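In: Need the 3D shape of this:
(2 chains)
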Amino acid sequence: MDKQRFPESAMPPLEPTDRRELYRHFQHVIEGTYDQLLEKQKLNYKQNMLKSFLVETNIGPSKLEERFEHVTVTKVDYSLFEVLVDTSDEEDEEEILTFYLDSQDERFWTFYSIEKSRPAKDVMAELIMAERSGLDYLWFPAQLQRYFTELGEFQGAGINYDAEDVFSEEYIDEHLPFGELSIQSSGQGTSWLLDALSDADLKRFMSLSSVKIRQETEEGAVIERIDNNGRITTRGGNDIQAHLTFVETIRELYADLVRGIEENGRIEYPLRVIEPEDDERHSPGQSIEGTPIIINLANPIENLKEFADSITSATKPLRLWGAGSWIADDYYKIRGTDLHNNDSFTLEIKRDWIRLYLPEDACGNTALRIFSNIQRYYDAEASFGERSAPENSRVALTA
Amino acid sequence: MNAWIGLCQLDDRFPDTLAKLGYTVEVIEPGFSIKGDYIEPDLILTAHRRKHSLLLDFKSYQLKDHQNERYETAVQNPDKLVLRGAVQGISPDELEADFSYSSFGDLTELYDLTEFDFTTVQFEAHVEDANLRIEIVGSEGFGEPDLDDAFPIEVPHGKDIPTDYYPFDAEEEDHTQFCIYMLNAAIQLAGEYDSDPFNVDELLAESHKLWSSMSEEKKKELRSLGEDFLDKYNQEGLDKHLRKVQKDDKAAWFHKSSSFQALRNKADEFITELEDELAQRKLSEF
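Out: Numbers count the residues shown, from 1 in each chain, chains lettered A, B, ... in the order given. This next block holds a predicted model:
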């Protein structure tokens, strides 16, 4: 650690007035020296791990106050805000949770928190999942989660397959071997376990819910746990700058995927003007640009209608509404709305592939929400078709 | 329409035969005059590197001689396609053009097109090992040899026509899709901030991305279907349901969720009724 920059004796201000002070806070949290410092100041504050929540957004920070009555936003520094969320209710004592929002990247924000894990996670869920919140999780596909394991020394993994959250008991009984599968592993055996499971039939149900890695950067080292919805928890380390660099890396990897999908995976209908000659009739036409996204499935769908109905039932986690019909005996189509951002989408579903159409103004995050949730709740081996792969991305979503 | 567009796209699950030859969708349903005659092809495809355009008209049962003459004028004066803005990016004096009728049936059995320099392309489902077979029927071929050689195009099993580029027309077989798209548009419009109750045109514009450039004739047909849709929509009580969802402004997801699920059940009933109705109508025709 750089003793010059962060002398142990210096008490980081509890109400930081700029980024430097905020990061000094976090530095002590990462080092585990926060408790000690606060004790000296006789403050009652428990040490929690630093959590960074990456959030996709299409609103500005000031909108948070407009959309949520119980949220207060105060500017701290350039594009840095203190966000207070009042979670008090009539029965409980006053409970206000503090987050720091870095909105330097207008599309992908980072909320930092050293609150307790569960309440911080619940507050983020409440904000993000609220109707038309303008916020969304990051939805890491399995391929991206696997790529994370190569960013440092792989130390642990969580595997969660939760078909129960999306499919009915009858559907699971008839068509799936598990309703739920959960494995947590850490230490040296993790790689071996993942390799062993990957060789088995189980791999179709092995959706990584989290990975833990130790990463060393020029600034220092951090141990990070990355959840598949954009939450990054620092489990140890010696330099906040290493964590910030790591968060930036994750954000850029994801942003590349979203941008790639938005460049190639949306359908546009540009207007074509036809010039009239004298008073003759004429009418404009439209062209078509873009191609739908193909999602290939390793786990064939036994009942297309039930599958389609399940993933478009308007409930969490997917929050997709849709109405469907058969267009051939083995070809089912759903036209729907993403209730999160009101974007429309169309799915054409066959036993072993899905064609996804997004309109020209759709958010690329919608495609990743659909894709990563299919992986998590149905088929961990689902992949993008060759021609749907986002260009210029370091991570391939193809098989 | 969707199949022709699909052939020009890079889609793993449909042949890209025309895309490989460089054809892209130039324009859908334009209307313009050539030498005083108004033509309204359904689709124009262009391969810019080949300096070649293909005008397409999709026919099922109506075919008029004066239309044939007009299309013949168009292919004989391809420079006009550029000068009127229907084709872009090619010098007027370099463009070559072909015209083709296209149909799910053999038009040559119904009409004698031998006096015209046209090609007809037939789509046929489930031919031998193919899911779909697209072939030139009759004697004429395309003026662009590579395009001519690309046929017949066989779509193998496991690959299917993309259906969303042009989601529905005013024909009866598209009625179910029409209602599904309109239902979804209602949800979208209800989901807009400060939205007013929607009218038929707003629903159609949201449902069909080509609405704004459709011919007035087609708009009229779809508007009429849209009014029938809204009548039924109101009769079924869906209007109350959507407004209720819309008015529930609190950010309490589970309330919203139950409303949308209930709405989905209603929509399913609505679609089933519609499909039964259409099936009965089809049976009664025999």
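
In: Would you confirm that A:Lys212 contacts A:Asp227?
Out: No - using C-beta atoms under 8 Å as the test, A:Lys212 is too far from A:Asp227 to be in contact (10.2 Å). The C-beta positions use only the backbone N, C-alpha and C, and glycine is treated the same way.

In: who's more crowded, the two?
Out: Taking neighbours as other C-beta atoms under 10 Å in any protein chain shown, A:Lys212 and A:Asp227 compare with A:Lys212 leading, 24 against 21.

In: Tell me who's in contact with the more buried one.
Out: A:154-157, A:186, A:223-226, A:235 (C-beta atoms under 8 Å, 6 or more residues apart in numbering or on different chains).

In: For it, grab phi and psi.
Out: phi -120, psi 130 (degrees, to the nearest 10).

In: ok, now how distant is the residue in the stretch 101-250 of chain A that chain B sits nearest to from A:Leu339?
Out: Residue of the stretch 101-250 of chain A nearest chain B, by C-beta to the nearest C-beta: A:Ala130 (3.5 Å). Distance, A:Ala130 to A:Leu339, using C-beta to C-beta, to the nearest Å: 11 Å.

In: Those two: which has the busier surroundings?
Out: Legend: neighbour count by other C-beta under 10 Å for A:Ala130 and A:Leu339, higher for A:Leu339 (23 against 18).

In: can you pull the contacts of the more buried one?
Out: Per C-beta under 8 Å, 6+ apart, neighbours of A:Leu339: A:131, A:314, A:319-321, B:191, B:256, B:260.

In: Pull up the residues of the stretch 101-250 of chain A that are close to chain B.
Out: A:126, A:129-133 (C-beta under 8 Å from any C-beta of the partner chain).

In: Neighbour-wise, which one of these leads?
Out: That'd be A:Ser133 among those, by other C-beta under 10 Å, with 22 neighbours.

In: What is the three-state secondary structure of that one?
Out: Following DSSP: H, G, I helix; E, B strand; the rest coil, we place A:Ser133 in the coil state.

In: Run a quick check on it versus A:Glu126, I expect a contact.
Out: No - using C-beta under 8 Å, A:Ser133 is not in contact with A:Glu126, being 9.1 Å away.

In: closest point of the stretch 151-300 of chain A to chain B, which residue?
Out: The stretch 151-300 of chain A approaches chain B most closely through A:Gly285 (3.2 Å), counting by C-beta to the nearest C-beta.

In: Run a quick neighbour tally on the spatially closest residue to that residue that is not a sequence neighbour.
Out: In space, and not counting its chain neighbours, A:Gly285 is closest to B:Pro30: 3.2 Å by C-beta to C-beta, 6 or more residues apart in numbering or on different chains. Per other C-beta under 10 Å, the neighbour tally for B:Pro30 reads 29.

In: in what helix or strand does the closest residue to A:Glu280 other than its chain neighbours lie?
Out: The shortest distance from A:Glu280 to any non-neighbouring residue, by C-beta to C-beta, 6+ apart, is to B:Ser33 (4.3 Å). B:Ser33 belongs to strand B:32-34 when assigned by DSSP states H and E.

In: can you pull the buried residues of that strand?
Out: B:32-34 (16 or more other C-beta atoms under 10 Å in any protein chain shown).

In: Could I get the contacting residues of A:Leu138?
Out: By C-beta under 8 Å, 6+ apart, A:Leu138 lies in contact with A:54-56, A:108, A:229-230, A:254, A:365, A:368.

In: Show the backbone phi and psi for it.
Out: Dihedral angles of A:Leu138 (phi, psi; degrees, to the nearest 10) stand at phi -90, psi 140.

In: repeat for A:Ser186
Out: Torsion angles at A:Ser186 (phi, psi; degrees, to the nearest 10) stand at phi -140, psi 160.

In: Just give the number of residues close to B:Gln67.
Out: Going by other C-beta under 10 Å, the residues that sit close to B:Gln67 add up to 16.

In: how much space between it and chain A?
Out: According to C-beta to the nearest C-beta, to the nearest Å, B:Gln67 and chain A sit 15 Å apart.

In: so for stretch A:310-319, what's the average pLDDT?
Out: For stretch A:310-319, mean pLDDT rounds to 83.

In: Of all the residues in it, which ones are buried?
Out: Quick answer for stretch A:310-319 (16+ other C-beta under 10 Å): A:310-315, A:317-319.
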